[in-house]
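1. mind folding the following:
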Amino acid sequence: MYLDTSVAVKLFIPEPDSDECELITGNDGFLSSELLFSEMYAAVLAKERCGHISPAAREKIWDRFENLMADNTVHLIKLDGMVVREAVEVMAQVHPDVPLRTLDAIHLATYLSVDAGPLFTKDRRMIEAAKKLNIPLAGV
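-> Coordinates of the predicted model:
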């Protein structure tokens, strides 16, 4: 299963619908874009800044994330120029109906570059774009 950041964060930091995400993803691990590495860290820092987690919790979450990458439970797909160019095509295909953001388009282009099973996202724009691209969705 391919997860975008909106779902991956919920697996590491409790949010109102985190339980739903855990039920759907199970314990088999997941794929995502290499973008997830920096997006996840930004999300963890934001949660700390807002007072939702402590600095110690941030460090624990990040260690857990890095350990899951090390044992390949979280497998990040390398970002390359081909995927970035494909993201432009993804944006063009869903335009003008879906105002897709750059990083979301890169996630979708990465998804399209691998055999990942369904896409799991909580991001409304990505869901709409995935529907237009006939990408199978999990949890919808």
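2. would you pull up how far stretch 72-88 lies from the middle of the chain?
-> 12 Å (CA atoms, centre = their mean, to the nearest Å).
3. and Leu31, which helix or strand is it part of?
-> Leu31 belongs to strand 30-33 when assigned by DSSP states H and E.
4. neighbours of Asn67, how many?
-> 11 (other CB atoms under 10 Å). (Each C-beta comes from the backbone N, C-alpha and C, glycine too.)
5. ditto for Glu15
-> Neighbour count of Glu15, defined by other CB under 10 Å: 16.
6. contacting residues for it?
-> Val9 (CB atoms under 8 Å, 6 or more residues apart in numbering).
7. now do it against Ala8, distance only.
-> 11 Å (CB to CB, to the nearest Å).
8. try Met82
-> Taking CB to CB, one finds Met82 at 23 Å from Ala8.
9. got the contact list for Val140?
-> Here Val140 is in contact with Ile127 (criterion: CB under 8 Å, 6+ apart).
10. now swap in Leu133 and tell me
-> Neighbouring residues of Leu133 by CB under 8 Å, 6+ apart: Val90, Gln93, Val94, Leu108, Leu112.
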